[in-house]
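A.B. asks: Give the three-dimensional model of this entry:
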Amino acid sequence: MADLSLIADSIPYSSPSTHEDSIVLSGRTATTSTGRKRKAKTSASWVWNHFKLVKDCNKSLIICLEPICSHNSRCTTSFLAKTGTSSLSRHLLVKHNISKGHKSDDPLQTFFGLDNESKEANLNALVAFVVDHQQAFNLVENETFRSFCRRLNPYYSLPSRQTLTRSLSDHFERALLQIRSTIDSIKGAIALTLDCWSSRVMRGYMVIIVHWIDEEWKLQSVVLEFCYFPPPHNQHTTSDLILSVVKDYNMWSKIKAITSDSGGEMPPAMVIVRENLNDQYSLRLEDGFHIRCICHVINRVVCDATHFIKKEVQMLRQILKAVRGSVAISVKFSELAVVLGVSKGRVEVPGLDMETRWNTMFTMIDQSFQYRGVFSALCNSEEFCDRLANMALSDMDWRVLKSCKDFLQSAYHCTVAASGRDYISLSLQPLIYKHLLTLCEKTRSGQLDTRFTTPI
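C.D. replies: Numbering: from 1, shown residues only. Below you'll find the predicted structure:
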């Protein structure tokens, strides 16, 4: 028999069975060593409440978890892995005066083993972590992560990837039942928002979200559907998917409005949805049932507006790429910024935008505008004149960019206001429409307060 008094500090424990999901009985159900509940199929001997199977190098040993009262330490007795439960129970009776049905209140025993409630709580926390941080299921197979968990508690058995996958499915089913119960309990009206988009590999997706006001007058939202939406994307396929979700959750009698993106298939699809619900359930949904998302409208407005400044924006991107792509030019840019008094400390070269996202264009122009004098001096410097002279922006170019920046800034603020999650945003739509109309008219007539006259 080996002296294993320090084994808890060096070797991770596993359950008595070689299968990771060894069962600990609890009534008609069973809690596995990883915390997942399942139907009990077999019984486990009571002695395993007092022993653990550990792996030391290439051999497996069974160690006793009971303390030795006279020494205030753990029992150092170990057995071969093939030792039967009769021998183990005899050891408990002779050495520790423990027989079947004995319950130990010793804190050491509580520490060395995890009860079913703790196992289940640990598994739930792990599933929540994987979902919240979008981790891969094979995280539990990563040796660094396993080592980290062993350092926290050497007696906790991480679940396998398959167990984690099944547990996630269990959590999903419970969450789905809870959502259905919540929707059934809503006494007032509900509204839906939906959006369709394509990934980089051109796979279509649709998400449907339900919104309602609870009894405490707080806005609540839940994602009902997030699914692959294969082509064709027309009014018939779109309306079929929406109707299937509405009927599946049995919320046809409570739905009052649907807000969608600005896709061309949405208006006719919403007509089909409205007429279907009116005919099948004798509802009285009117034309205002379909609402276009104000943020998508703003996006369309901005995309149309920025089409007229492509040349100036492209010139700004070109010179920013030159500055950020050369250490020498970047250093010179920083020196000129300090000399001209634009910056007193560390100088950050403005970042480039993402050409498919207009809000990043606004940030790029906004950050670059304060350095317009630095860009001009840099392009006229003897050191880099030959490389940058053809990239220089004129005063007229900067005036165009400034007008664009002010227009985008107002559109950005409208988008933020219309995207609020803690309040009802529908009432803001008329104000936003009116503000955008006024903004376009003032920009066109040159009356916008930009400190420049908008060039004609």
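
A.B. asks: Could I get the contacting residues of the residue nearest to T83 when sequence neighbours are not counted?
C.D. replies: Excluding the flanking residues, the one nearest T83 by CB to CB, 6 or more residues apart in numbering is I62, at 5.8 Å. Any C-beta I mention is one placed from the backbone N, CA and C, and that applies to glycine too. Going by CB atoms under 8 Å, 6 or more residues apart in numbering, I62 touches P16, F51, K52, L53, V54, S78, F79, L80, A81, T83, L88.

A.B. asks: before we move on, what SS does I62 have?
C.D. replies: strand (DSSP: H, G, I helix; E, B strand; the rest coil).

A.B. asks: And it, how close does it get to K95?
C.D. replies: Distance, I62 to K95, using CB to CB, to the nearest Å: 14 Å.

A.B. asks: ok but L224 is inside a strand, no?
C.D. replies: Yes: L224: assigned to a strand according to three-state DSSP.

A.B. asks: That one touches H211, doesn't it?
C.D. replies: No: counting by CB atoms under 8 Å, L224 stays clear of H211, with 10.5 Å between them.

A.B. asks: Could I get the full set of strands for the stretch 201-350 of the chain?
C.D. replies: For the stretch 201-350 of the chain, the strands defined by DSSP state E, counting those that start in this stretch cover 204-213, 219-228, 255-260, 290-292.

A.B. asks: Could you identify which of the ones you listed is most buried?
C.D. replies: strand 255-260 (a mean of 20; mean count of other CB atoms under 10 Å).

A.B. asks: So what pairs up with the residue nearest to T83 in the strands?
C.D. replies: L53, F79 (DSSP bridges).

A.B. asks: What pLDDT is listed against it?
C.D. replies: At I62 the predicted local distance difference test score is 88.

A.B. asks: Repeat that for S89.
C.D. replies: S89 is given a pLDDT of 88.

A.B. asks: again with I319
C.D. replies: 94.

A.B. asks: looking at it, A269 is touching L241, isn't it?
C.D. replies: No: A269 lies out of contact with L241 (CB under 8 Å); the separation is 9.1 Å.

A.B. asks: which parts of the helix or strand hosting R444 are buried?
C.D. replies: Element membership of R444 [criterion: DSSP states H and E] is helix 429-445. Buried residues in helix 429-445, defined by neighbour count with 16 or more other CB atoms under 10 Å: Q429, I432, H435, L436, L439, C440, K442, T443.

A.B. asks: With distance to K254 as added columns, please give the residues you listed in CSV.
C.D. replies: Formatted as CSV, these follow (distance: CB to CB, whole Å):
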residue, distance to K254
Q429, 22
I432, 27
H435, 32
L436, 32
L439, 37
C440, 38
K442, 42
T443, 42
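
A.B. asks: Which of these sits closest to F172?
C.D. replies: Q429 (34.6 Å; CB to CB).

A.B. asks: Number of residues surrounding the spatially closest residue to that closest one that is not a sequence neighbour?
C.D. replies: Distances taken as CB to CB, 6+ apart place I294 nearest to Q429, at 4.9 Å, with adjacent residues excluded. Look at I294: counted by other CB atoms under 10 Å, it has 23 neighbours.

A.B. asks: ok, I294 - contacts?
C.D. replies: Contacts for I294 were tallied using CB under 8 Å, 6+ apart; they are C414, A418, S425, L428, Q429, I432, Y433.

A.B. asks: of all those, which two lie farthest apart?
C.D. replies: Going by CB to CB, the pair spanning these furthest: S425 and Y433, at 12.9 Å.

A.B. asks: thought Q367 was touching P350?
C.D. replies: Yes: the pair Q367 / P350 is scored as a contact, 3.8 Å apart, by CB under 8 Å.

A.B. asks: Name the residue in the two with the higher neighbour count.
C.D. replies: The neighbour comparison of Q367 against P350 (other CB under 10 Å) goes to P350, with 20 against 15.

A.B. asks: OK, contacts around that one?
C.D. replies: L320, M364, Q367, S368, Y371.

A.B. asks: Which of the three states applies to H413?
C.D. replies: Taking three-state DSSP as the rule, one finds H413 in the helix state.

A.B. asks: And for it, the neighbour number?
C.D. replies: For H413, the count of nearby residues is 12 (other CB under 10 Å).

A.B. asks: Next: Y423.
C.D. replies: Residues contacting Y423 under the criterion other CB under 10 Å number 10.

A.B. asks: any low-confidence regions in the stretch 301-450 of the chain?
C.D. replies: 448-450 (pLDDT under 70).

A.B. asks: how about the helices in it?
C.D. replies: Along the stretch 301-450 of the chain, counting by DSSP state H, counting those that start in this stretch, helices occupy 310-324, 327-339, 358-369, 372-380, 385-388, 395-418, 429-445.

A.B. asks: sorry, back to before: ok, so of the contacts of I294, who is nearest L192?
C.D. replies: S425 (14.3 Å).

A.B. asks: wait, doesn't the closest one sit right on V416?
C.D. replies: No: in this structure, S425 is not within contact of V416 by CB under 8 Å, at 10.5 Å.

A.B. asks: Give me the more crowded residue out of those two.
C.D. replies: S425 (19 against 11).

A.B. asks: can you tell me which residues contact the more buried one?
C.D. replies: Contacts of S425 by CB under 8 Å, 6+ apart are I294, A417, A418, S419.

A.B. asks: Let me see the contact set for the nearest residue to the last one once chain neighbours are set aside.
C.D. replies: In space, not counting the residues next to it along the chain, S419 is nearest to C295; the distance is 6.0 Å by CB to CB, 6+ apart. By CB under 8 Å, 6+ apart, the contact list for C295 reads T415, A418, S419.

A.B. asks: gap between C295 and T165?
C.D. replies: 36 Å.

A.B. asks: can I get the strands of the stretch 201-350 of the chain in a markdown table with distance to E120?
C.D. replies: Formatted as a markdown table, these follow (distance: least, CB to CB, whole Å):
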| stretch | distance to E120 |
| --- | --- |
| strand 204-213 | 30 |
| strand 219-228 | 25 |
| strand 255-260 | 37 |
| strand 290-292 | 44 |
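
A.B. asks: coming back round to it: which of the contacts of I62 sits closest to H171?
C.D. replies: For the contacts of I62, the nearest to H171 is P16 (27.5 Å; CB to CB).
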